[in-house]
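> Structure, please.
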Amino acid sequence: MLALESAAETMGRLAQPQRVRLSVIPTLAIQWLMPRLPLFNERHPDVNVELRQFKHDEDFTRDDVDLWIEVKRPRRRWPDHIQTRYLLGRELIPVCTPRWSKQFRAPQDLHGATLLHHTNFPDNWERWFDKAGAPSQPVLGPGFDLTMHLIVAAKAGMGVAVVPGCLVERELLQGELVMPFDIDVSCGRGYFVCSKRDTPAFTARDKFADWLAEQAHAGWASTTP
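Numbering: from 1, shown residues only. Below you'll find the model as predicted:
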């Protein structure tokens, strides 16, 4: 029975090789992936990327997803049935509006700023201050449970945020946000592409996974025609 099911799944892949079903963290999808997808569509018009619902408590047993893009936390162990590949997102940078940045002369000046923070990772600011040579226990300001909310709050002038640099490429390029100090720090996490080990390989999925890695390596310049 298992052999028949595997054969049927393989035949299904061969019959519909153009579909890749993806579960991805919403902020990464909005800020990094979606602006780049037209480039993938141009290169591989025969492959359709379909986004599936993202689940915070993902156990990677769903049969409606071919690839996941998930955060690797320091104490999180991937399930044995999953194979992973680091994509991007380990580096955190401070960002704020150009108006805010004018008041800062040295990293320690940020101790007096409104420090926007991610409620799931409250130590991000402490990590950054240690790297910047201004160690202390920072007094955190408003907290948000999504990096997207942090970015919007920073753009609105609510304070200074520390976020993965890959998520604010457009805002930095367009001048909506700036880095008050060109100092990044590794958060020890990052985004990983995940897939099931026992799933038969198929061309569309492999093309998309390779393209994701290419885009992560190339940076924002890769989106320019």
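> Contact partners for the residue nearest the centre of the chain?
The structure's the chain has its C-alpha centroid closest to residue 28; by Cα atoms, centre = their mean the separation is 4.1 Å. Contacts for residue 28 (Cβ atoms under 8 Å, 6 or more residues apart in numbering) come out as 69, 89, 166-167, 191. In this view, the C-beta of every residue, glycine as well, is placed from N, C-alpha and C.
> Report the separation between it and residue 81.
As judged by Cβ to Cβ, to the nearest Å, residue 28 and residue 81 stand 23 Å apart.
> cool, and residue 97?
Taken as Cβ to Cβ, the span from residue 97 to residue 81 is 45 Å.
> do residue 143 as well
From residue 143 across to residue 81, the span is 35 Å (Cβ to Cβ).
> Mind checking which of those two has more residues around it?
Using other Cβ atoms under 10 Å as the criterion, residue 143 and residue 81 rank with residue 143 on top: 15 against 12.
> in what helix or strand does residue 206 lie?
Element membership for residue 206 (DSSP states H and E) is helix 203-218.
> Name the residues that touch that helix?
Residues from elsewhere that reach helix 203-218 (Cβ under 8 Å, 6+ apart): 17-20, 22, 36, 39-40, 43-44, 46-47, 49, 66-67, 69, 85, 87-88, 166, 193, 195, 222.
> Which entries within the residues you listed meet the buried criterion?
Burial by neighbour count, judged by 16 or more other Cβ atoms under 10 Å, picks out 20, 22, 36, 39-40, 44, 47, 49, 66-67, 69, 87-88, 166, 193, 195 from the contacts of helix 203-218.
> Would you map the strands across this structure?
Counting by DSSP state E, residue ranges of the strands within the chain are 19-24, 48-52, 67-71, 82-88, 91-95, 115-118, 143-144, 160-164, 185-186, 191-196.
> For the second one, buried residues please.
Think strand 48-52. Of the residues in strand 48-52, those buried (16+ other Cβ under 10 Å) are 49, 51.
> and residue 97, what is it in contact with?
Applying Cβ under 8 Å, 6+ apart, one finds that residue 97 lies in contact with 154-155, 157, 176-178.
> For it, give me the pLDDT.
Residue 97 carries a pLDDT score of 97 in this model.
> Let me know the distance separating it from residue 65.
Here residue 97 is placed at a distance of 37 Å from residue 65 (Cβ to Cβ).
> next one: residue 178
For residue 178, the distance to residue 65 (Cβ to Cβ) stands at 37 Å.
> Cheers, nothing more for now.
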